[in-house]
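>>> Just a sequence and a predicted model for now, questions to come.
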Amino acid sequence: MIRLGILGSGSGSNMQAILDAITEGRLDAEIVLVLSDNPDAFILERGRRANLPCGLIDCRGLSSRFPAESQEETTRALREAGVELVCLAGFMRLLRAPLLEAFAGRIINIHPSLLPAYPGLHAWTQAVEDKATESGCTVHFVDAGMDSGPIISQATVPVLPGDTPESLHARIQVEEHRIYPEAISRVAAELQ
């Protein structure tokens, strides 16, 4: 069983999918810590409802940067919890050293596009505005770039005529919730 640390900034639907996969016996893992940089993020409420240890990441009032001191504190909290694999679930800050060094090859992310297409924010909006015929989601290892780490798995979702960013995003999330636990299982098998 692998020990997971979850970092998120929003609703936590991917964390919920991971938790559901654990509960249903599809993923041999344990979530040992949930951290958010947003005190109002619903991911923290989901964590509390599941009796998971939760905490806040203090980013020193910065809206998008992830200061080195904050990353050091996050690294310490993850290590103290015994985290073996860090899973980003809608975490909206770029990771750098020391976090990347402390968990080298042990941080993964789910992104709502078929990378390398549409890295960064609002990938589903970019796909609709580009009149793309397909989009999807990607689980990848995290490196110092923006959504640029090695790809673990992907799922394709068609962009339908009349799609809005919201309708496309909803269909992408269905696939995210399916492939993220599967990818975690595969990575865990390779790490253990």
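On my side now, so go ahead. Residues are numbered from 1 along each chain as shown.
>>> which of the residues in the longest helix anywhere in the chain are buried?
Once the chain is assigned using DSSP state H, the helix that runs over the most residues is helix 165-191. Residues of helix 165-191 classed as buried by neighbour count (16 or more other C-beta atoms under 10 Å): 168-169, 171-173, 175-177, 179-184, 187-188. Just so you know, the C-beta spots here come from the backbone N, C-alpha and C atoms, and that holds for glycine as well.
>>> And stretch 18-35, by the same measure?
Under 16+ other C-beta under 10 Å, the buried positions of stretch 18-35 are 18-19, 21-22, 27, 29, 31-35.
>>> How far does stretch 159-168 sit from its chain's centre?
Here stretch 159-168 is found 23 Å from its chain centre; the criterion is C-alpha atoms, centre = their mean, to the nearest Å.
>>> quick one: average pLDDT of that stretch?
For stretch 159-168, mean pLDDT is 96.
>>> which stretches of the chain have low pLDDT?
Applying pLDDT under 70 to the chain flags no residue at all.
>>> ok, which stretches of it are helices?
13-23, 42-49, 68-80, 99-102, 123-129, 165-191.
>>> Just give the closest residue to Thr156, not the sequence neighbours.
In space, and not counting its chain neighbours, Thr156 is closest to Gly136: 4.3 Å by C-beta to C-beta, 6 or more residues apart in numbering.
>>> pretty sure that neighbour is touching Leu114, no?
Yes - counting by C-beta atoms under 8 Å, Gly136 does reach Leu114; the two are 4.5 Å apart.
>>> Could you name every residue contacting both of the two?
Both Gly136 and Leu114 are contacted by 154, 156, under the criterion C-beta atoms under 8 Å, 6 or more residues apart in numbering.
>>> Who has more neighbours out of the two?
Counting neighbours by other C-beta atoms under 10 Å for Gly136 and for Leu114 shows that Gly136 has the greater number, 25 against 21.
>>> and the more buried one, what does it touch?
113-114, 154-157, 172, 175.
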